[in-house]
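Trainee: Please find the sequence and the predicted model below.
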Amino acid sequence: MEDEIVIRVENVSKDFILPHDKVTTVKGLFTGISKVGQKKIKEKQHALKDISFEIKKGEFFGIVGRNGSGKSTLLKILAGIYQPTRGKLYTQGKLVPFIELGVGFNLELTGRENVYLNGAMLGFSEKEIDKMYDDIVSFAELKRFMGQKLKNYSSGMQVRLAFSMAIRANADILLIDEVLAVGDEDFQRKCFDYFRKLKKDKKTVIFVSHDMNSVREYCDRAAFIEDSKLVTIGPANEVAKQYSRMFIDETTNNTSKTSETRWGNGMMMYTSVMAQPEVLSDQSHIEIYTTSKAKQNLDEIMLGFVIKDSAGQNILGTNSQLERQKFIDIKKGDEITVKWTVPNIFSDGNYQIDPAIVLFDGQVCDWWEDAATFTVAKEDHAPYIVAPKINLIKLDK
Amino acid sequence: MQKFLTRYRYSIILLKQLVKTDFKIRYQGSALGYIWTLLRPLLLFVILYIVFGVFLKAKGNIPHYPVYLLLGIVLWNYFAEVTSGSVAAIVGKGDLLRKINFPKYVIILAGSFSAFINLLINFVVIAIFMIIGHVGLTWQALIMLPLIAELYVFSLALAFFLSALYVRFRDVSYIWEVIMQAAFYATPILYPLSLIPHRYAKFLILNPMAQIIQDARHVLVTTKTETIYQVYGGDRLIWLIPLGISLLVVILASSYFRSRSRYFAEEI
């Protein structure tokens, strides 16, 4: 039973004829015919090329890939929304037919009416919804709002109601797009609780994401789609590792040039900021070298920096005052070079360093966003914000 | 029956909710709400009655002309509502189609159900008109049932065809608008068929809508209505032509819709 294959994708390809070539008017059809002599420009977009894989019963299977890689098309083919151009798809068991939350929600209807409408989309009769109605409402925490029209809901409330509906879906195979994990922290926690429950219940789940941490945490295996092709398929950890490498390489090139912003009064400015090494694996420390130059005489300054992850979240930061170092009586033209040694507590990912120089009255001389970047790719992964080396010692009872 | 229910369970559940939603949404924000379902054909009736019945005296020698006219308008309105309303129905639900896999025919069925409920409500008005106008009912009125069935199936089939065609060719909505305008006058709704030269009448009455409307008037309002049977000098077999046209439309439309519906999501 455990090895029963519930989804088999065999050499599936999907082509789209690009919209500007599509004949949507009858005139176009006629003029198209009249231009028999001319070569018809028919541009095909290959959204998926020759994809094959199998998913076993009870597996939590990830599909990873960047936007435009074809992973959404693949998901739509699995859901039966699109038909493959070539190749075959076999499924066994009831597949949840939707790929997004709140399908069919109508803003002009009340929350209550939408529960019945969306419920019908999920295949529930009114009687069945009657029975689960209270649970749905209390899970969404929307009891007071059910009589109001959906257009008066905040987007967060809509997502809550939609999610509360979606988890009722009664299917053997579930398709979960990453859109599920949006919303506030509290809601995300609920999502992840639900994922854990699915995993515990041994449901077959196909999970599409580009968040490698959740892929590592929940998926048994994963497929990596890039440029319409299946790049890798294998244990989630390895696929995630490969994905991170590829993805991080690219953002390193991008961020160092494009998203740079810098401001301040310019009394003293950084001339160079450097991380050593730029790619870390299991080194215990990373060294950051900053050099700054004074444009005028200054009594006292404070040097510091913040390290952010690729999502822009501040991971850590410090300054010379916190580290009990003083920089006083600075003359015009003075150069100060500082080496900061930071323990390598970072999780896998791409990081930016924002150094700053601040006067004691709080005036900013220089604030340089994304002055330098570094990348962490560790051998073992923990799907958390930081991954410090933690010692484990067995103690006797 | 049980097997049918299991197989089409999802479609039935969906259909029910879509029809309900349609009814809730349709007259939202309008003060008179559902009353418009009755008021619209009634107002149209008043206009057409004044113009054609009073000014132009198009009623000829037809007894109970008001009921005769109203019945024609109501039946035609149903046909127009189902077909014109369905043209953009699939495209209009594009958002849904791209996110969930469900039987597409449900959308068109739901539209025809909503219109059918309106038709039934309108029949209440016709009944009131009949009582006021002292129009006697005979057993023949039962023939209305197969006539309404024909009307339902014929309109639905065209709706399937138009909605599927519109996905690929957006001209369909304009073309259909013109066709409906022309067909409204080519169908003996306002005028008695006897006003038309016989050789044209012979041709016009072959249109299933003309046949249905005239037959309905014959069995419900007045036996003076010229039906296809009378036009062709009492040949019962002539009914096979409009019925055959309807059947042909049903076969072509449903097979076209079936073959295209798999690709709706990506073609919209």
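Mentor: Ah, there it is. Numbers count the residues shown, from 1 in each chain, chains lettered A, B, ... in the order given.
Trainee: hey, where'd the helices end up in the chain?
Mentor: Unless you meant another one, I'm taking chain A. A:26-34, A:71-79, A:111-121, A:126-140, A:155-166, A:185-200, A:212-218, A:236-255 (DSSP state H).
Trainee: try chain B instead
Mentor: Taking DSSP H, the helices of chain B run over residues B:2-7, B:9-26, B:35-48, B:65-87, B:89-92, B:94-97, B:105-132, B:144-168, B:172-186, B:198-204, B:208-220, B:228-231, B:240-261, B:264-267.
Trainee: picking that back up, quick one: closest of the helices of chain A to chain B.
Mentor: helix A:111-121 (3.7 Å; Cβ to the nearest Cβ). Backbone N, C-alpha and C define where each C-beta goes, glycine included.
Trainee: now the angle from that closest one to helix B:9-26?
Mentor: Here helix A:111-121 runs at an angle of 150 degrees relative to helix B:9-26 (axes from the mean of the first three to the mean of the last three Cα atoms, to 10 degrees).
Trainee: hmm, helix A:111-121 touching chain B?
Mentor: Yes: Helix A:111-121 reaches chain B (Cβ under 8 Å from any Cβ of the partner chain) through A:113, A:116, A:117, A:119, A:120, A:121.
Trainee: among the helices of chain A, where is the model least confident on average?
Mentor: Ranked by mean pLDDT, the helices of chain A bottom out at helix A:26-34, with a mean of 60.
Trainee: Just the buried ones from the residues of helix A:111-121 next to chain B?
Mentor: A:113, A:116, A:117, A:119, A:120, A:121 (16 or more other Cβ atoms under 10 Å in any protein chain shown).
Trainee: wait, isn't the third one in contact with residue B:19?
Mentor: Spelled out, that is residue A:117. No: the pair residue A:117 / residue B:19 is not scored as a contact, 11.2 Å apart, by Cβ atoms under 8 Å.
Trainee: what does the stretch 151-268 of chain B put close to chain A?
Mentor: Contact residues, the stretch 151-268 of chain B versus chain A (Cβ under 8 Å from any Cβ): B:168, B:169, B:170, B:171, B:175, B:262, B:263, B:265, B:266, B:267.
Trainee: What about the residues you listed, which one has the most neighbours?
Mentor: Ranked by neighbour count (other Cβ atoms under 10 Å in any protein chain shown), these have residue B:265 at the top, with 22 neighbours.
Trainee: what about that residue, distance to residue A:79?
Mentor: According to Cβ to Cβ, to the nearest Å, residue B:265 stands 10 Å off from residue A:79.
Trainee: thinking again about what came up before, can I get the helices of chain B in a markdown table with mean pLDDT?
Mentor: Output for these, formatted as a markdown table (pLDDT from 0 to 100):
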| stretch | mean pLDDT |
| --- | --- |
| helix B:2-7 | 81 |
| helix B:9-26 | 90 |
| helix B:35-48 | 88 |
| helix B:65-87 | 95 |
| helix B:89-92 | 94 |
| helix B:94-97 | 89 |
| helix B:105-132 | 93 |
| helix B:144-168 | 96 |
| helix B:172-186 | 96 |
| helix B:198-204 | 92 |
| helix B:208-220 | 96 |
| helix B:228-231 | 91 |
| helix B:240-261 | 96 |
| helix B:264-267 | 90 |
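Trainee: if you look at stretch B:87-94, does any of it touch chain A?
Mentor: No: for stretch B:87-94, no contact with chain A is found by Cβ under 8 Å from any Cβ; the gap never falls below 9.1 Å.
Trainee: For the stretch 251-397 of chain A, which segments are assigned as strands?
Mentor: Secondary structure of the stretch 251-397 of chain A (DSSP state E, counting those that start in this stretch): strands at A:261-263, A:268-276, A:279-280, A:285-294, A:298-309, A:314-319, A:327-330, A:335-343, A:349-359, A:364-369, A:372-376.
Trainee: Could you dump these into JSON lines and include distance to residue B:81, mean neighbour count and mean pLDDT?
Mentor: As requested, the strands of the stretch 251-397 of chain A are exported to JSON lines (distance: least, Cβ to Cβ, whole Å; neighbours: other Cβ atoms under 10 Å in any protein chain shown; pLDDT from 0 to 100):
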{"stretch": "strand A:261-263", "distance to residue B:81": "59", "mean neighbour count": "11", "mean pLDDT": "81"}
{"stretch": "strand A:268-276", "distance to residue B:81": "69", "mean neighbour count": "18", "mean pLDDT": "90"}
{"stretch": "strand A:279-280", "distance to residue B:81": "67", "mean neighbour count": "17", "mean pLDDT": "84"}
{"stretch": "strand A:285-294", "distance to residue B:81": "71", "mean neighbour count": "18", "mean pLDDT": "92"}
{"stretch": "strand A:298-309", "distance to residue B:81": "57", "mean neighbour count": "19", "mean pLDDT": "90"}
{"stretch": "strand A:314-319", "distance to residue B:81": "60", "mean neighbour count": "14", "mean pLDDT": "90"}
{"stretch": "strand A:327-330", "distance to residue B:81": "81", "mean neighbour count": "15", "mean pLDDT": "89"}
{"stretch": "strand A:335-343", "distance to residue B:81": "71", "mean neighbour count": "14", "mean pLDDT": "92"}
{"stretch": "strand A:349-359", "distance to residue B:81": "58", "mean neighbour count": "23", "mean pLDDT": "89"}
{"stretch": "strand A:364-369", "distance to residue B:81": "60", "mean neighbour count": "20", "mean pLDDT": "88"}
{"stretch": "strand A:372-376", "distance to residue B:81": "63", "mean neighbour count": "22", "mean pLDDT": "88"}
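Trainee: In TSV: those, plus distance to residue B:101.
Mentor: TSV is the format used below for the strands of the stretch 251-397 of chain A (distance: least, Cβ to Cβ, whole Å):
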stretch	distance to residue B:101
strand A:261-263	45
strand A:268-276	49
strand A:279-280	44
strand A:285-294	49
strand A:298-309	37
strand A:314-319	42
strand A:327-330	65
strand A:335-343	51
strand A:349-359	36
strand A:364-369	45
strand A:372-376	41
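Trainee: Please identify which of those is closest to residue A:134.
Mentor: Closest to residue A:134 of these is strand A:298-309 (Cβ to Cβ; 40.8 Å).
Trainee: And for the closest one, what's in contact with it?
Mentor: Identification of contacts with strand A:298-309 by Cβ atoms under 8 Å, 6 or more residues apart in numbering or on different chains yields A:267-268, A:273, A:288, A:290, A:292, A:314-322, A:326-330, A:336, A:338, A:340, A:342, A:347, A:349-360, A:365, A:385.
Trainee: could you give the angle of that strand to strand A:364-369?
Mentor: 20 degrees.
Trainee: Dump strand A:298-309 to PDB, keeping only the CA atoms.
Mentor: Extracted as PDB, the C-alpha positions of strand A:298-309 are listed here (Å, rounded to 0.1, in the frame of the first residue of the first chain):
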ATOM      1  CA  LEU A 298      34.600  65.400  13.900                       C
ATOM      2  CA  ASP A 299      34.500  65.100  17.700                       C
ATOM      3  CA  GLU A 300      33.200  61.600  18.000                       C
ATOM      4  CA  ILE A 301      31.500  59.100  15.700                       C
ATOM      5  CA  MET A 302      29.900  55.700  16.000                       C
ATOM      6  CA  LEU A 303      30.400  53.000  13.400                       C
ATOM      7  CA  GLY A 304      28.000  50.200  12.900                       C
ATOM      8  CA  PHE A 305      26.100  47.900  10.600                       C
ATOM      9  CA  VAL A 306      23.100  45.700  10.200                       C
ATOM     10  CA  ILE A 307      23.000  42.300   8.400                       C
ATOM     11  CA  LYS A 308      19.800  41.500   6.500                       C
ATOM     12  CA  ASP A 309      18.600  38.400   4.900                       C
END
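Trainee: Name every strand pairing with it and say which way it goes.
Mentor: According to DSSP bridges, strand A:298-309 forms sheet pairs with strand A:314-319 (antiparallel), strand A:327-330 (antiparallel), strand A:349-359 (antiparallel).
Trainee: ok, now which ones touch the most centrally placed residue in chain B?
Mentor: Geometric centre of chain B, nearest residue: residue B:79, 2.0 Å, by Cα atoms, centre = their mean. Contacts of residue B:79 were listed using Cβ under 8 Å, 6+ apart, and they are B:151, B:154, B:155, B:209.
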